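# this is a predicted model, with the sequence first.
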Amino acid sequence: ETAVEQARRALDDAVLRAPAEAVVTAKSVTPGQVVAAAQPVIELAALSGLEAVFQAADDPALREIPGRRIRLETLDIDRPDMTGTVTEVSPLVDPETGTVTVRARIETQAQATGLLGASVRGHLQVARDDGVVVPWTALMRQGQGSAVWTVDGEDRVALTPVRIAHFGDGTIYVAEGLADGQRVVGDGSQLLYPGRRVQAAEVAP
């Protein structure tokens, strides 16, 4: 093997080739820098299979939406609404925000590079069950489930398991576990224990 062939092979080994059509989204090295084997050099975003990623309030109704069509509206760039298909709803809830990750595959591929990093809003109708409405501050955790403190006729509290239908604006819709008109503790739940006597607070009109 001649020196020319060795130099040509060394040069060819230094060329980075993308496995598919993509754009560079990040660089981790500078020109002339010596890199080690398997060291990350650049990050790529493929121009096929774009997806939208949302953080949505945890709601049992979300478990039924994988495979559903969703309308996507861009917020920071001007382009027509797009359509997508929900591909995944994460089973893990963020303990700090109470949200889950929802992913949708974008079906519109025209000028896909302009969508990278864009903010979008998703629109999807979901079925909701009727339920007893309580303030979100009443919600407690009991093991792996949800519960609220209920008040009996002697003004004593008990932790009652509930099944949440969905969340509203500052409210929770309880599908099972509460009867219409049943009293619950809406604030100060962290100070309670089973059997503790409580008194209704005066609420200004």
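Good, I have the coordinates.
# report the beta-bridge partners for the residue lying closest to residue 152 once chain neighbours are set aside.
What sits nearest to residue 152 in space, not counting adjacent residues and going by CB to CB, 6 or more residues apart in numbering, is residue 158, at 6.8 Å. Yep, even glycine has a C-beta here, placed from its N, CA and C like the rest. Taking DSSP bridges as the rule, residue 158 bridges to residue 150.
# from residue 164, how far off is residue 158?
With distances taken as CB to CB, to the nearest Å, residue 158 is found 19 Å from residue 164.
# neighbour count for these two, which is higher?
residue 164 (20 against 14; other CB atoms under 10 Å).
# ok, now which ones touch residue 188?
By CB atoms under 8 Å, 6 or more residues apart in numbering, no residues touch residue 188.
# quick one, phi/psi of it?
phi 80, psi 20 (degrees, to the nearest 10).
# now swap in the one 5 residues further on and tell me
Dihedral pair for residue 193: phi -150, psi 160, per degrees, to the nearest 10.
# roughly how far does the closest residue in space to it that isn't next to it in sequence sit from residue 59?
The shortest distance from residue 193 to any non-neighbouring residue, by CB to CB, 6+ apart, is to residue 157 (8.0 Å). Computed as CB to CB, the residue 157 to residue 59 distance reads 27 Å.
# more neighbours, the two?
residue 157 (21 against 18).
# what residue is smack in the middle of the chain?
residue 101 (2.3 Å; CA atoms, centre = their mean).
# so what's that residue bridging to?
According to DSSP bridges, beta-bridge pairing links residue 101 with residue 55.
# surely it and residue 90 touch.
Yes - using CB atoms under 8 Å, residue 101 is in contact with residue 90, at 4.1 Å.
# can you give me the end-to-end span of stretch 24-41?
Stretch 24-41 has its terminal residues 11 Å apart, counting by CA to CA, to the nearest Å.
# tell me the gap between that stretch and the middle of its chain.
32 Å (CA atoms, centre = their mean, to the nearest Å).
# pLDDT averaged over that stretch, what's the number?
Averaged over stretch 24-41, pLDDT sits at 84.
# show me the helices in the chain, by range?
3-13 (DSSP state H).
# where along it do the strands fall?
22-27, 42-46, 51-57, 69-74, 82-89, 99-106, 120-123, 132-135, 140-142, 145-151, 157-167, 171-176 (DSSP state E).
# make a markdown table out of those strands and add distance to residue 190.
Formatted as a markdown table, the strands of the chain follow (distance: least, CB to CB, whole Å):
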| stretch | distance to residue 190 |
| --- | --- |
| strand 22-27 | 43 |
| strand 42-46 | 43 |
| strand 51-57 | 22 |
| strand 69-74 | 37 |
| strand 82-89 | 30 |
| strand 99-106 | 22 |
| strand 120-123 | 34 |
| strand 132-135 | 14 |
| strand 140-142 | 8 |
| strand 145-151 | 10 |
| strand 157-167 | 12 |
| strand 171-176 | 17 |
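# what about stretch 85-100, average pLDDT?
86.
# check which residues of that stretch are buried.
Residues of stretch 85-100 classed as buried under the neighbour-count rule (16 or more other CB atoms under 10 Å) are 86, 89, 100.
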